[in-house]
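Q: would you be able to build a 3D model of this:
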Amino acid sequence: MVDLSSTYLGLKLKNPVVASSSPLTQKPETAQALEEAGVSAIVMHSLFEEQIIHESLKLHEDLSRGAEAFAEAMDYLPTYGQYSVGPETYLETLRKIKRSVNIPVFGSLNGVSTGGWIEYAQKIQDAGADALELNIYYLATDPDLTSSELENTYVTLVSDIRKQVDIPIAVKLSPFFTALPNFARRLAEAGADGLVLFNRFYQPDFDLETLEVTPNLVLSNSNEMRLPLRWVAILYGRVTADFAITGGIHTGLDVIKAVMAGASVTTIASEFLLRGAGRAADILKEMNAWMEEKEYTSVMQMKGSMSQKAVAEPAAFERANYMKVLSSY
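A: Below you'll find the model as predicted:
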């Protein structure tokens, strides 16, 4: 019998398949469907820093109605939609989902500053979250902002939150850092128990009829996992943190590749949105069949076996592989 269990953020999980943040992870009934299909944990949708600010501005507006001092700020967030719920509604949803399933539930915060964010990290912990994912998203558009200043902001934020909560913390990163291994190590030293690679930023598009900038949701495909696969393979065993690969995980073989690179878990959203929560059971069957065929007895046996530290040609993850790929066409 193949043992699919894995350990992530100090939590023993029954397998490496985690449901990533999506509309499926924000309702008790769909969370239950994911659990029944076999996922080992659920990451809730993010509570955005702007939503916390929005609530404070709304309170101020109510107290000083007529001043219209914050009219523009109050229009910043939509007044409806699944990702525009207020902080208290978010916490209540977390409590309901936590009561409805028997697998770990991770809260999620999206922002880049301290202050109110830390307060809600504590509230998410108090609401019963088993871990907290910090989805730090800051688009550096100011030419005067240096990379070191931005990285220091991230590290300070992780350090400040680590001092205030006891539950495990995972940091969800973008790939846009000039010296990712050093930055990853600094985050781990600041208190991050895990690193999630990588955040899929939804790029804006142009509507040529209305001449407006429009949001455009594009689901992932398996080719997108190559970037996080490479970096997890490089970082595994060199940074004291657990790793999760997100973006591009669609099949059981994708999960196996991620584990072999050194990931403790994979987090999946697009595949479940495309094919339903029940797809998790198929992914686990694919994993089990492949591992039995190749005579692997456990996920832990495979973990990190294709990382840079373990493979015969470590240069395959570096610049030398670039030339090899070009010459192979």
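
Q: now the helices for the stretch 101-250 of the chain?
A: Chain-ordered helices for the stretch 101-250 of the chain, with DSSP state H, counting those that start in this stretch as the definition, fall at 116-126, 147-164, 180-190, 226-235.

Q: other residues contacting the shortest one?
A: In this case it means helix 226-235. If you take C-beta atoms under 8 Å, 6 or more residues apart in numbering as the criterion, helix 226-235 is touched by 175, 180-181, 184, 195, 197-198, 243, 245-248, 257-258, 261-263, 306-308, 317. Where C-beta positions appear, they are placed from N, C-alpha and C, glycine not excepted.

Q: ok, back up a step: deepest of the helices of the stretch 101-250 of the chain, which one?
A: When you average the neighbours per residue for each of those (mean count of other C-beta atoms under 10 Å), helix 226-235 leads with a mean of 22.

Q: who's in contact with Trp219?
A: Let me fix one detail, which is that residue 219 is Leu and not Trp. Counting by C-beta under 8 Å, 6+ apart, Leu219 makes contact with 270, 273-274.

Q: ok, back up a step: among the contacts of helix 226-235, name the buried ones.
A: Buried subset of the contacts of helix 226-235 (neighbour count, 16 or more other C-beta atoms under 10 Å): 180, 184, 195, 197-198, 243, 245-248, 257-258, 261-263, 306-308, 317.

Q: which residue packs closest to Glu151, ignoring adjacent ones?
A: For Glu151, the nearest residue in space outside its immediate sequence neighbours is Phe183; the separation is 5.5 Å by C-beta to C-beta, 6 or more residues apart in numbering.

Q: hmm, back to that, how about TSV for the helices of the stretch 101-250 of the chain, with mean pLDDT and distance to Asp207 added?
A: TSV is the format used below for these (pLDDT from 0 to 100; distance: least, C-beta to C-beta, whole Å):
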stretch	mean pLDDT	distance to Asp207
helix 116-126	86	33
helix 147-164	92	31
helix 180-190	97	34
helix 226-235	96	29
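
Q: run the chain-centre distance for stretch 135-143.
A: Taking C-alpha atoms, centre = their mean, to the nearest Å, one finds stretch 135-143 lying 17 Å from the centre of the chain it belongs to.

Q: meant to ask about stretch 29-36
A: For stretch 29-36, the separation from the chain centroid amounts to 19 Å (computed by C-alpha atoms, centre = their mean).

Q: residue ranges with poor pLDDT in this structure?
A: By pLDDT under 70, the weakly predicted segments of the chain are 49-85, 112-116, 202, 312, 315-329.

Q: distance of Asp126 from Gly237?
A: Taking C-beta to C-beta, to the nearest Å as the measure, Asp126 and Gly237 are separated by 35 Å.

Q: and Pro215, by the same measure?
A: Here Pro215 is placed at a distance of 39 Å from Gly237 (C-beta to C-beta).

Q: looking at the two, which one has more neighbours?
A: When Pro215 is set against Gly237 and neighbours are counted by other C-beta atoms under 10 Å, the residue ahead is Gly237, at 13 against 8.
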